[in-house]
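In: only the shape, not the letters, is given here:
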């Protein structure tokens, strides 16, 4: 962790020094506001899917499921001259459409090539974290590295790899970005350093501002202490004493400009774009559980042909209860009775998009998409406890360390074939077939079957 903190300090100093090299870059958030009028927009995806096989043993079996996902609505504009803001709400599927504050940030544009953003903003990490709306990415599902629990993407089981973070990670803090003046191959087109509250625990234990009904801090839940990679706890206050930091550098290589004509774009790509991202922090109140995530992404496009690739490495601490030789976990549980360990989740994806019809009979463009995903987990082999009366309903499955824990490596391969039909600037039709090839140990002598999914999506945006 110390090396990353030193890197953040050096990066902050470099940004503030104002080195005037590199090409003038476009900040989509900054330039989308305008300073004389407000702008608003929204998007949602109406989806249909079938999951197979019919009895995989772990997934919820709902065939011919139709539902709305990834619904966002936002607007922004200048509060006063030179200080625009952006406000965005989300309606998570799992919350039955309840509005949730997703982004609310102010941009202080005191200098053309230097931007300070404060509030709840989109954390600059990787490529797919920035294109979280369904009208921005081509396929129906996201890559494994950014799978969202609120959409069609996520397949996670005991001992299987899990995404380092889900797509569209927003957080509260401050971000300073630098956009150099002139082009130079060794200078980034954008450099950003940020400090935020950081990822929290998977179980929200009322560790924000106390309410009259919860004046005491509840103990760790029976399932242990693990990170909230899916951002389920969308609080407006921190849950611990530490802040998290990170930085992102983007480089544009090449000597020609080509406008993107399909989604997965904001502005222009200059031949080949390469980005480097890193963040680290602690996510629990007891100051014991750390995480670090680092990644590199690359994008290339020529006309309607594009290649995207990304690699992410994460190292996360966690705590789980200890089971005896009969797989029974002693109760009651507290922090001192839980064993602490770490797991490494890492992987990559390669996505190729290519034109099928540049001028189809209906609509504007038809694009084909092929994606290969690989993700692996290296960590202790966990088991489900055989206790019958854990949890508020008495049937909570608790992941525990067995009496003799071994470190194992598991992995998931995901194959995706998709079509993206751009009917107009406001409507997209998506179709996809995905197969998750899961290689993890059986649970209670039940094999964790690989699954496949057929899905269609109608995306409306304005």
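Out: Happy to help now that I have it. Source: prediction; values computed, not measured.
In: checking my notes, residue 159 in a strand, right?
Out: No - counting by DSSP: H, G, I helix; E, B strand; the rest coil, residue 159 is not found in a strand; it is coil.
In: residue contacts, it?
Out: Shown in contact with residue 159 (Cβ atoms under 8 Å, 6 or more residues apart in numbering): 377, 379, 381, 382, 408, 410, 440, 441. The way it works is simple: take the backbone N, C-alpha and C, and place the C-beta from them, glycine included.
In: what helices or strands is the helix or strand encompassing the second one leaning on?
Out: Right, residue 379. Element membership of residue 379 [criterion: DSSP states H and E] is strand 365-380. With contacts taken as 3 or more Cβ pairs under 8 Å, 6 or more residues apart in numbering; DSSP states H and E, strand 365-380 sits against strand 339-357, strand 407-422.
In: average model confidence for the helix or strand following the last one?
Out: From strand 407-422 onward toward the C-terminus, using DSSP H and E, the following helix or strand is strand 427-439. Mean per-residue pLDDT for strand 427-439: 95.
In: residue 461 is in contact with residue 70, isn't it?
Out: No - counting by Cβ atoms under 8 Å, residue 70 is not a contact partner of residue 461; they are 10.5 Å apart.
In: which neighbours do these two have in common?
Out: Taking Cβ under 8 Å, 6+ apart as the criterion, residue 461 and residue 70 both touch 43, 133, 134.
In: confirm that residue 145 sits in a helix.
Out: Yes - under three-state DSSP, residue 145 sits within a helix.
In: tell me, how many residues neighbour it?
Out: Applying other Cβ atoms under 10 Å, we find 28 residues neighbouring residue 145.
In: host element of the nearest residue to it once chain neighbours are set aside?
Out: Leaving aside its chain neighbours, residue 145 sits nearest to residue 312 (5.0 Å; criterion: Cβ to Cβ, 6 or more residues apart in numbering). If you go by DSSP H and E, residue 312 is part of strand 305-320.
In: check which helices and strands that strand sits against.
Out: Using 3+ Cβ pairs under 8 Å, 6+ apart, the elements in contact with strand 305-320 are strand 290-302, strand 339-357.
In: let me have those in a markdown table, adding mean neighbour count and distance to residue 115 as columns.
Out: Below are the helices and strands packed on strand 305-320 laid out as a markdown table (neighbours: other Cβ atoms under 10 Å; distance: least, Cβ to Cβ, whole Å):
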| stretch | mean neighbour count | distance to residue 115 |
| --- | --- | --- |
| strand 290-302 | 20 | 21 |
| strand 339-357 | 18 | 29 |
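In: looking at residue 461 and residue 70, which is more packed in?
Out: Neighbours were counted for residue 461 and for residue 70 using other Cβ under 10 Å; residue 70 has more, 27 against 18.
In: low-confidence stretches in this protein?
Out: For the chain, applying pLDDT under 70 flags the ranges 1-37, 56-60, 110, 185, 212-217, 254-270, 331-336, 388-396.
In: tell me where it has helices.
Out: Ranges of helices in the chain, per DSSP state H, are 2-17, 28-33.
In: in the sheet, who's paired with residue 116?
Out: Using DSSP bridges, the beta-bridge partners of residue 116 come out as residue 108, residue 176.
In: what about it, distance to residue 194?
Out: For residue 116, the distance to residue 194 (Cβ to Cβ, to the nearest Å) stands at 11 Å.
In: equivalent analysis for residue 429, please.
Out: 36 Å.
In: can you check residue 126 too?
Out: For residue 126, the distance to residue 194 equals 14 Å [Cβ to Cβ].
In: looking at these two, which one has more neighbours?
Out: Set side by side, residue 126 and residue 194 show more neighbours around residue 126, with 26 against 23, by other Cβ under 10 Å.
In: make sure that one is actually in contact with residue 277.
Out: Yes - look at residue 126 against residue 277 with Cβ under 8 Å: they come within range, at 5.4 Å.
In: can you list residues touching both of the two?
Out: Common neighbours of residue 126 and residue 277 (Cβ under 8 Å, 6+ apart) are 295, 297.
In: in contact with the closest residue to residue 171 other than its chain neighbours, which residues?
Out: Excluding the flanking residues, the one nearest residue 171 by Cβ to Cβ, 6+ apart is residue 196, at 3.8 Å. By Cβ under 8 Å, 6+ apart, the residues touching residue 196 are 123, 171, 172, 173, 243, 244, 245, 246.
In: for the fifth one, give its distance to residue 282.
Out: Think residue 243. For residue 243, the distance to residue 282 - Cβ to Cβ - is 9 Å.
In: neighbour count winner among these two?
Out: Using other Cβ under 10 Å as the criterion, residue 243 and residue 282 rank with residue 282 on top: 20 against 14.
In: that one: what's it in contact with?
Out: Residue 282 is in contact with 198, 240, 242, 244, 288, 289, 290, 291, counting by Cβ under 8 Å, 6+ apart.
In: just the buried residues out of those, in ChimeraX syntax.
Out: Burial among the contacts of residue 282 is assessed by 16 or more other Cβ atoms under 10 Å; the matching ChimeraX selection reads:
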select :198,240,242,244,289,290,291
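In: same list (the contacts of residue 282) but as CSV, adding distance to residue 81.
Out: Shown next, in CSV, are these (distance: Cβ to Cβ, whole Å):
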residue, distance to residue 81
198, 33
240, 38
242, 37
244, 33
288, 47
289, 45
290, 43
291, 40
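In: farthest pair within the contacts of residue 282?
Out: 244 and 288 (15.3 Å; Cβ to Cβ).
In: can you give the distance of stretch 290-307 from its chain's centre?
Out: Relative to its chain's centre, stretch 290-307 lies at 14 Å (Cα atoms, centre = their mean, to the nearest Å).
In: cool, stretch 372-380 as well?
Out: Computed by Cα atoms, centre = their mean, the separation of stretch 372-380 from the middle of its chain amounts to 16 Å.
In: same deal with stretch 440-459?
Out: With Cα atoms, centre = their mean as the basis, stretch 440-459 stands 20 Å off its chain's centre.
In: can you give me the end-to-end distance of it?
Out: In stretch 440-459, first residue to last residue: 34 Å (Cα to Cα, to the nearest Å).
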